[in-house]
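Q: Below: sequence and its predicted model.
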Amino acid sequence: MTRKLLPTVLTALLTAVGAHAADTELNLYTARHYQTDEALYANFTKATGIKINRIEGKEDALLERIKNEGANSPADVFITVDASRLAKADELGVFAPVESSVLAERIPANLKADTWYAFSTRARVIVYNKVDVDPKLVQNYEDLARPELKGKVCTRSGSHPYNLSLGAALIQHDGAAATEQWAKGVVANFARDPKGGDTDQIRAVAAGECGVAIANSYYVARLINSTKPEDQAAMKAVGIIWPNQATWGTHVNVSGGGMLKYAPHKEAARKFLEYLASDEAQAYFANGNNEWPVVKSVTVKNAALDSLGAFRMDDLNVGTLSKTTAEAQMIFDRAGYR
Ligand code: FE
C-alpha cells in the first residue's frame, strides 16, 4: 500500500513526524517484506515504546531514494540484501557508524563492516538433476566449468548481485585469471541463456531443461516447504550440494543494514539495530526467510534447512566481497556471462 503513496508526500509526512516526536519513532527503509517481520516490529515497539514507520521497496530503488533525499531523508535505518549492495551503500556514504557494545560483541567479525551489520546469512548452493548429473561432478563452484557439463548449466543473470558476489568470492580465493577461465567455461556449458530468478533455475533443473544450477538456500527451503504438488515433485527430482566443502567452504551472502548518516532518530536506530541482534529477533529475522541467524548463540529449528544437513561456510569477510565485485562484473562481461 505504501508504495502507492506519492514519495514526496510521504517524505514530508515522515519528516514532520520525526521532527516533533523525538525518539519515540523510527523510520525504517527496508527491502524485506516477510510476514514474520511484522511480529518482529511489533515486539520492538512493545519492548521500547518506539513506533516503526516502515517504507518498503526494491533494494536498489530504496538506496537511490536515500541518496536523492540526502540530508532531508527521514530514514533512520536501511535494511537490504547482498553484501555488495550494503558495501555500495557504504561507499555512497549513506551509513553512519553506530557506537554499540552489543553489536560489537554479538555480530561476528566476518559478518559486518564499519558502518553496517549482517543479521542473517544465506548460502549459494548447487542444485542438480538426480537422473541427469552425477553429484561427484558438481561438488564445487569451479566444477560448473567442467567440459562434462556442456549444455547442462543454468543460472540467473551474471549481473545479478548474488552471482556477482559469488564471482567476487571466487576472485579472492582462486584469483582473477582462474575466475575468468571459470566464467568462460560456465558460459560454454549453458543449457540456455540466463533468465529468471533462482527458483526458476531450480524448477528448470527438476524439469530436466538444465542439469545443474546455483540458487540461494532460502529458495530451496521455500520449495521444500511448499504444499503445491508440482513443487514437491520438483524437489524429489533434484539434489542439493553444499559447494566447496573440501576447499574454502560454501559462499554465503547476507541480509543486513545500518544506521543512516542523516537519521533523525539516531538513538532509536541504535536500539533497533541492537534489537535485531537479540536472541528473539535473530530467530524471527532469519527464520522468516529460511535463513540462518548471525549471532552464534542463537539457533533456529527449520526442518527444511535442517534436512539439507550441516555445512562449512566460507569464512571470508563478507564486507570485503565488494572489493572484487566490479572486477567480477568486468570478467563476466568479457566472458559473455550476462
Ligand atoms: Fe533473493
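A: Noted; the coordinates are in hand.

Q: CA only for contacts and neighbour counts going forward, please
A: OK.

Q: need the helices for the stretch 51-200 of the chain, in chain order.
A: With DSSP state H, counting those that start in this stretch applied, the stretch 51-200 of the chain shows helices at 59-69, 83-91, 101-106, 161-174, 176-188, 198-207, listed in chain order.

Q: how far does stretch 89-100 stretch from start to finish?
A: Using Cα to Cα, to the nearest Å, the end-to-end distance of stretch 89-100 comes to 20 Å.

Q: what comes up buried for it?
A: By neighbour count with 16 or more other Cα atoms under 10 Å, stretch 89-100 contains the buried residues 89-90, 94-96, 98.

Q: same deal with stretch 315-330?
A: So, applying 16+ other Cα under 10 Å, buried residues of stretch 315-330: 316-322, 324-329.

Q: Could you do stretch 164-178 as well?
A: So for stretch 164-178, counting by 16+ other Cα under 10 Å, buried means 164-172, 176.

Q: Now distance to Ser120 and pLDDT too, for those residues, in JSON lines please.
A: Formatted as JSON lines, the buried residues of stretch 164-178 follow (distance: Cα to Cα, whole Å; pLDDT from 0 to 100):
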{"residue": "Leu164", "distance to Ser120": "19", "pLDDT": "96"}
{"residue": "Ser165", "distance to Ser120": "16", "pLDDT": "96"}
{"residue": "Leu166", "distance to Ser120": "17", "pLDDT": "98"}
{"residue": "Gly167", "distance to Ser120": "21", "pLDDT": "98"}
{"residue": "Ala168", "distance to Ser120": "20", "pLDDT": "97"}
{"residue": "Ala169", "distance to Ser120": "18", "pLDDT": "98"}
{"residue": "Leu170", "distance to Ser120": "21", "pLDDT": "98"}
{"residue": "Ile171", "distance to Ser120": "24", "pLDDT": "98"}
{"residue": "Gln172", "distance to Ser120": "22", "pLDDT": "98"}
{"residue": "Ala176", "distance to Ser120": "28", "pLDDT": "98"}
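
Q: Thr324 against Gly175, yeah?
A: No. Using Cα atoms under 8 Å, Thr324 is not in contact with Gly175, being 10.3 Å away.

Q: Based on its surroundings, how many neighbours for the closest residue to Ile241 other than its chain neighbours?
A: Counting by Cα to Cα, 6 or more residues apart in numbering, Ile241 lies nearest to Ile126, which is 5.1 Å off, once chain neighbours are set aside. When neighbours are counted by other Cα atoms under 10 Å, Ile126 registers 24.

Q: what bridges to Ile126?
A: Bridge pairing for Ile126 (DSSP bridges) gives the partners Ile214, Ile241.

Q: from the buried residues of stretch 89-100, which single one is nearest Phe78?
A: Phe95 (8.4 Å; Cα to Cα).

Q: Identify the residues contacting that closest one.
A: Contact partners of Phe95, counting by Cα atoms under 8 Å, 6 or more residues apart in numbering, are 89, 115-116, 258-261.

Q: Now tabulate those in JSON lines and tack on pLDDT and distance to Gly239.
A: Below are the contacts of Phe95 laid out as JSON lines (pLDDT from 0 to 100; distance: Cα to Cα, whole Å):
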{"residue": "Ala89", "pLDDT": "94", "distance to Gly239": "36"}
{"residue": "Thr115", "pLDDT": "96", "distance to Gly239": "38"}
{"residue": "Trp116", "pLDDT": "97", "distance to Gly239": "35"}
{"residue": "Gly258", "pLDDT": "98", "distance to Gly239": "36"}
{"residue": "Met259", "pLDDT": "98", "distance to Gly239": "40"}
{"residue": "Leu260", "pLDDT": "98", "distance to Gly239": "42"}
{"residue": "Lys261", "pLDDT": "97", "distance to Gly239": "45"}
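
Q: Look up how far Leu149 lies from the residue nearest to Tyr128 when sequence neighbours are not counted.
A: Excluding the flanking residues, the one nearest Tyr128 by Cα to Cα, 6+ apart is Val212, at 4.2 Å. Distance, Val212 to Leu149, by Cα to Cα: 8 Å.

Q: higher neighbour count, the two?
A: Comparing Val212 with Leu149 by other Cα under 10 Å, the one with more neighbours is Val212, at 32 against 22.

Q: residues touching that one, list them.
A: Shown in contact with Val212 (Cα under 8 Å, 6+ apart): 126-129, 133, 152-154, 205.

Q: Buried ones in stretch 263-283, by neighbour count?
A: Within stretch 263-283, the residues scored as buried using 16+ other Cα under 10 Å are 263-279, 281-283.

Q: Nearest to Gly196 among the contacts of Phe95?
A: In terms of Cα to Cα, no member of the contacts of Phe95 lies closer to Gly196 than Ala89, at 25.5 Å.
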